[in-house]
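With the sequence up front, the predicted model follows.
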Amino acid sequence: MDPMPIFVMMGTAGCGKSSVALEMESRLGCLFIEGDELHPASNVQKMANGYPLTDEDRLPWLRTIRDVLLEEAKKRYTHQATSDASRIGAIVTCSSLRKIYRDILSDIPSHLATVTFCYLKGSPELLATRIAARQNHFMKPGMLQSQLQALEEPDSTKERVIVADIGFPIKEIVDSIMSQAKERHLLP
């Protein structure tokens, strides 16, 4: 069996991770995991109060996401997947701002899964505008600057990454990601 394709929608707040992931999920019919839903309550509360997370906060959360992905890949590999969606692959949202975070998420045996990061890249101005327009989200607009400072853009010579410009409509962004994934034989 081929390794399960896993696509991590990454980038700062406001880049459209969830929107892009949901569009990909609808096209591929794969498993969707909203990384923010796996944050412990203490992380959500900290961000809701306007405080950026530290590595001490993030690392256990990243390991939880990785462990969920690993479990799904193992089920698929052993033909115990409980849904058609997890047999096709998985899409997860996670900011994955630093390389060390991406290393944790991609620490899945290669015979089980291929982890590809889809970097949703946009200007600080566009990101700030999008964040300001959101309602009922725990991520406060003032925290964008800390994310931009923490961001280590992925290096395509060292990481499996697809870069997508978020200055386009969601459907076009997904078209671009899927086209690049097919060119790299990450999708049929």
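Right, received. Where do you want to start?

is it fair to say residue 5 lies in a strand?
Yes: Residue 5 sits within a strand when classified using DSSP: H, G, I helix; E, B strand; the rest coil.

In space, what's closest to it - neighbours in sequence excluded?
Excluding the flanking residues, the one nearest residue 5 by C-beta to C-beta, 6 or more residues apart in numbering is residue 89, at 4.0 Å. Yep, even glycine has a C-beta here, placed from its N, CA and C like the rest.

Check residue 15 too.
Counting by C-beta to C-beta, 6+ apart, the residue nearest residue 15 is residue 120, at 3.9 Å.

How far does the host helix or strand of residue 91 sit from its chain's centre?
If you go by DSSP states H and E, residue 91 is part of strand 90-93. Centroid displacement of strand 90-93 relative to its chain, using C-alpha atoms, centre = their mean, to the nearest Å, is 6 Å.

Quick check: buried residues in the helix or strand just after that strand?
Using DSSP H and E, the helix or strand that follows strand 90-93 in sequence is helix 99-105. Within helix 99-105, the residues that count as buried by 16 or more other C-beta atoms under 10 Å are 101-102, 104-105.

quick one on the thing from earlier: show the contacting residues for the residue nearest to residue 5.
Contacts for residue 89 (C-beta atoms under 8 Å, 6 or more residues apart in numbering) come out as 4-7, 28, 30-31, 187.

before we move on, back to that, which residues touch the strand holding residue 91?
If you take C-beta under 8 Å, 6+ apart as the criterion, strand 90-93 is touched by 4-9, 17-18, 21, 24-25, 28, 30-36, 65, 69, 72-73, 105.

Go ahead and build a ChimeraX selection from the buried members of the residues you listed.
Burial among the contacts of strand 90-93 is assessed by 16+ other C-beta under 10 Å; the matching ChimeraX selection reads:
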select :4,5,6,7,8,9,17,21,24,25,28,30,31,32,33,34,35,36,65,69,72,73,105
